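Student: Whatever this is, show me its structure:
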Amino acid sequence: MSEVKISAGTRTEFGKGAARRIRRDDKVPGVLYGHGSDPVHLTLPGHELLMALRTPNVLIALDIDGKTNELAIPKSVHRDPIKGFLEHVDLLLVKRGEKVQVDVPMQTEGELAPGNFLLEYVLDALPVEAEATHIPEQFTVSVEGLEAGASIHAKDVKLPSGVALAVDEDAVVLQVLAAQAEEPAAEGEGEEEGEEAAEA
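Tutor: Okay, the predicted model is just below:
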């Protein structure tokens, strides 16, 4: 995974009013924490951060006040529920060679067997342990030809070298269900509704 370089500044103002002022300047308040160190409160460029977060578990190389360089991954991202803009981000401090636990998004390829089937994501993302600078962007599994009752377990997902499951290997990731057929209207029900509508 490539690193995304972002310049950030430390901040000393807190609270909702300060956060609103930061966001008015197209910036995002954030916190960097980890390794037992005191949290560092940051102000990050809004557009650059938004673009970086399009990649799940992106590795961010932070230049803090032009004095300190740190590596971090997003741990929690808060967005406005209506407008979708970034409100706050929590960043986890990481070191090269360090193992971290992350959730990697799942993708599928192929077509289910012909029939009225539904594909259910039991896990939208697979918990794994990986080296901080080599976190997979996603996992892809084939659902080609699967029918109702079939399932894909965590152990069925092919992991790159150096990546290990952080969930039970028998945990179900995806499963195929038979779609529920709509129940036919009871005999005479449609006729009665038609007669009532005519009378009305």
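Student: wait, doesn't residue 165 sit right on residue 153?
Tutor: No - Residue 165 sits out of contact with residue 153 when judged by C-beta atoms under 8 Å, with a separation of 10.1 Å. For every residue, glycine as well, the C-beta is placed using N, CA and C.
Student: Now do the strands in this protein.
Tutor: Applying DSSP state E to the chain gives strands spanning 3-10, 27-34, 37-45, 59-64, 68-79, 86-94, 99-109, 117-121, 125-131, 139-142, 151-153, 164-165, 172-178.
Student: now this protein, which segments are flagged as low pLDDT?
Tutor: Residues of the chain meeting the criterion pLDDT under 70: 1-2, 181-200.
Student: Look up the residues forming beta bridges with residue 43.
Tutor: Beta-bridge partners for residue 43, by DSSP bridges, are residue 9, residue 29.
Student: Who are the contact partners of it?
Tutor: Residues near residue 43 by C-beta atoms under 8 Å, 6 or more residues apart in numbering: 8-11, 22, 27-30.
Student: Distance of it relative to residue 30?
Tutor: With distances taken as C-beta to C-beta, to the nearest Å, residue 43 is found 7 Å from residue 30.
Student: Quick check: neighbours shared by those two?
Tutor: With C-beta under 8 Å, 6+ apart as the test, residue 43 and residue 30 both reach residue 8.
Student: Check the contacts of residue 43 and tell me the two furthest apart.
Tutor: 10 and 28 (13.9 Å; C-beta to C-beta).
Student: So these two - more neighbours on which side?
Tutor: Counted by other C-beta atoms under 10 Å, residue 10 and residue 28 do not tie: residue 28 has more neighbours, with 26 against 13.
Student: Test my guess that the more buried one contacts residue 44.
Tutor: Yes - contact criterion C-beta under 8 Å: residue 28 and residue 44 qualify, at 4.9 Å.
Student: what touches both of the two?
Tutor: residue 89.
Student: Now do the contacts for residue 37.
Tutor: Shown in contact with residue 37 (C-beta under 8 Å, 6+ apart): residue 93.
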